[in-house]
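*Asks:* compute the structure for the input listed below.
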Amino acid sequence: MDPHDSDIPKEHHVPRTGDWLSQDRRHHHKFLSSTIAHVDANPTPLDPVLAEFRDAIYASPRLRMLFEQMFDQVPKGKKYLTDASGENAQVRDFEHLLKLLNHVLTTAPAWTDNGHKKGLVGVPVNALLDWPMATTAGYAVFLDPEVNAWLKKILDKWGGFLSSPESAYVLGTDDASWFSPHGIQSLEAVANLYKPGPSFAELFQCDPSAEHHGYASWDAFFTRLFRDGVRPVASPDDDRVIANACESRVYKVARDVSAREKFWVKGQPYSVLDMLANDADAEVFVGGTVYQAFLSALSYHRWHAPVSGTIKRAYVVPGTYFSEPLYDDFKADGEGADPQGESTSQEYISVTATRAIILIDNPTLGLIAFLGIGMTEVSTCEITVKEGQTVKKGDQLGMFHFGGSTHTVLFNKNIKVSSFPEPSEHNVPVRSRLAVVE
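*Replies:* You can find the predicted model right below:
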């Protein structure tokens, strides 16, 4: 979970993970209100992919029922409508959601400069669905394979925009841009672990004299590279030193993990065979160790090999995009959903979400598995290595595009791994020492 911002009044604070949404619910309210006001005042024809999605939902009595129930089940009290706290679910029906999604398809995530605070809404679709997805019907909707296939089509369309030059408009220097004084200051602070350190231009490959720092699109900025030497590889010739695969914040270390568990219940344990999509080699990780960490919206989003070896398998498993565990649901008496849902569902999405699975065979350690897990939004998992390829520790394996993300590294049951970093408020640098095999 993100460090608690003590400057936000208690009544306006909501726990978050990875700086993807502001901890101040008033920022969420402002985003919803401004988006809705713009869409309502500027009606436009639905993008063809949304029109097709609309027709598919209305052609299915089952899905139409679930979508209507999803909005009906959001509590009707002022807390979720017009309360001054900003905890405001103004998206009240499916048709309205389509119009708002239509707007999102041609917008890029913007930086908002509010009193030197991160009022960032880095995942606008998640923000629109914040309350509907936390209902019993929403649980069914966002687990549905047909719905997720449509969501992938919609998010792929948005991904096309985010990869285009038109999306670079948020990479300027004004207050709504990522290179505003406070925006770039926060990017530098995260990369420097909140210690004095190099500038953005010294940290990342870019051209600060060029428009948009030389980034051709939002996605080019999101997948930016560190400059050579900024993140050296830990003990490159020592197989027993594990390198950190992602620039990320520690979530959990679990040992002696089970083959199958009830990952959907509160306090869910890891379910190894499900995490690895019943891969032919999954059994070797039963009884092993799982390390999980999540990536910040402000961080580096490429993956790197935790060990040297040969890529035995590398593939993407289709899954969900906005599914939350059912225990995060609104209570029958209208009480709010679990405010920590985003952080308490990390294990759950390691099984349900779209994810990349990469198995590396190290001659000393045996198989090590990396899972790049898309959390929300487009969350495209791009693998850049191939089966049979030899990689050295620290080499690039792939990257996340556009959206939220977490990752796990699984160690087989035949090795004992120790000296993991303790959870903290800051990232563990990518390619630095993560753990040691005893």
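*Asks:* shaky segments in the stretch 201-350 of the chain?
*Replies:* For the stretch 201-350 of the chain, the stretches flagged by pLDDT under 70 are 327-344.
*Asks:* how are the helices of it distributed by residue range?
*Replies:* 218-222, 272-275, 341-344, 346-352 (DSSP state H, counting those that start in this stretch).
*Asks:* out of those helices, nearest to Thr310?
*Replies:* Set against Thr310 and scored by C-beta to C-beta, those come closest in helix 272-275, at 21.6 Å. (Each C-beta comes from the backbone N, C-alpha and C, glycine too.)
*Asks:* ok, back up a step: switch the helices of the stretch 201-350 of the chain over to TSV; also include distance to Tyr169.
*Replies:* Output for the helices of the stretch 201-350 of the chain, formatted as TSV (distance: least, C-beta to C-beta, whole Å):
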stretch	distance to Tyr169
helix 218-222	9
helix 272-275	39
helix 341-344	28
helix 346-352	31
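*Asks:* out of the ones you listed, flag the one nearest Trp264.
*Replies:* Nearest to Trp264, of the helices of the stretch 201-350 of the chain and by C-beta to C-beta, is helix 346-352 at 6.3 Å.
*Asks:* flag every buried residue along the closest one.
*Replies:* Buried residues in helix 346-352, counting neighbours by 16 or more other C-beta atoms under 10 Å, are found at Gln346, Glu347, Tyr348, Ile349, Ser350, Val351, Thr352.
*Asks:* how far is the next helix or strand after it from where the chain is centred?
*Replies:* As assigned by DSSP states H and E, the chain's next helix or strand after helix 346-352 is strand 355-362. Its chain's C-alpha centre and that of strand 355-362 lie 19 Å apart, by C-alpha atoms, centre = their mean, to the nearest Å.
*Asks:* paired strands for strand 355-362, with orientation please.
*Replies:* With DSSP bridges as the test, strand 355-362 is paired with strand 309-317 (antiparallel), strand 366-374 (antiparallel).
*Asks:* rewinding a little: so which of the helices of the stretch 201-350 of the chain comes closest to Phe322?
*Replies:* Nearest to Phe322 among these is helix 346-352 (10.1 Å), distances taken as C-beta to C-beta.
*Asks:* the closest one packs against which elements?
*Replies:* Using 3 or more C-beta pairs under 8 Å, 6 or more residues apart in numbering; DSSP states H and E as the contact test, the elements touching helix 346-352 are strand 249-255, helix 272-275, strand 289-294, strand 366-374, strand 405-411.
*Asks:* from the buried residues of helix 346-352, which is closest to Leu129?
*Replies:* Ile349 (14.9 Å).
*Asks:* dump the strands paired with strand 355-362 to TSV, plus mean neighbour count.
*Replies:* Shown next, in TSV, are those (neighbours: other C-beta atoms under 10 Å):
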stretch	mean neighbour count
strand 309-317	18
strand 366-374	25
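*Asks:* any low-confidence regions in the stretch 51-200 of the chain?
*Replies:* Scanning the stretch 51-200 of the chain for pLDDT under 70 picks out 76-90, 112-123.
*Asks:* which stretches in it count as helices?
*Replies:* 61-72, 94-104, 124-128, 136-143, 145-162, 181-191, 200-203.
*Asks:* output the third one in CSV with nothing but the alpha carbons.
*Replies:* Output for helix 124-128, consisting of C-alpha atoms alone and laid out as CSV, is shown next (Å, rounded to 0.1, in the frame of the first residue of the first chain):
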residue,chain,number,x,y,z
PRO,A,124,-9.0,6.6,-15.9
VAL,A,125,-11.1,3.5,-16.8
ASN,A,126,-10.4,2.2,-13.3
ALA,A,127,-11.6,5.5,-11.9
LEU,A,128,-14.8,5.4,-13.8
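*Asks:* of all the helices of the stretch 201-350 of the chain, which one is nearest Ala140?
*Replies:* helix 346-352 (13.0 Å).
*Asks:* wait, which of the helices and strands packed on helix 346-352 is closest to Lys386?
*Replies:* When the helices and strands packed on helix 346-352 are compared by C-beta to C-beta, strand 366-374 sits nearest Lys386, at 14.7 Å.
*Asks:* quick check: angle from that closest one to strand 289-294?
*Replies:* Calculated by axes from the mean of the first three to the mean of the last three C-alpha atoms, to 10 degrees, strand 366-374 forms an angle of 30 degrees with strand 289-294.
*Asks:* please name every helix or strand in contact with the helix or strand just after strand 366-374.
*Replies:* Proceeding N to C from strand 366-374, the next assigned helix or strand is strand 380-383, under DSSP H and E. Under the contact definition 3+ C-beta pairs under 8 Å, 6+ apart, strand 380-383 sits against strand 309-317, strand 355-362, strand 366-374, strand 396-401.
*Asks:* how about 7 Å then?
*Replies:* strand 309-317, strand 355-362, strand 396-401 (3 or more C-beta pairs under 7 Å, 6 or more residues apart in numbering; DSSP states H and E).
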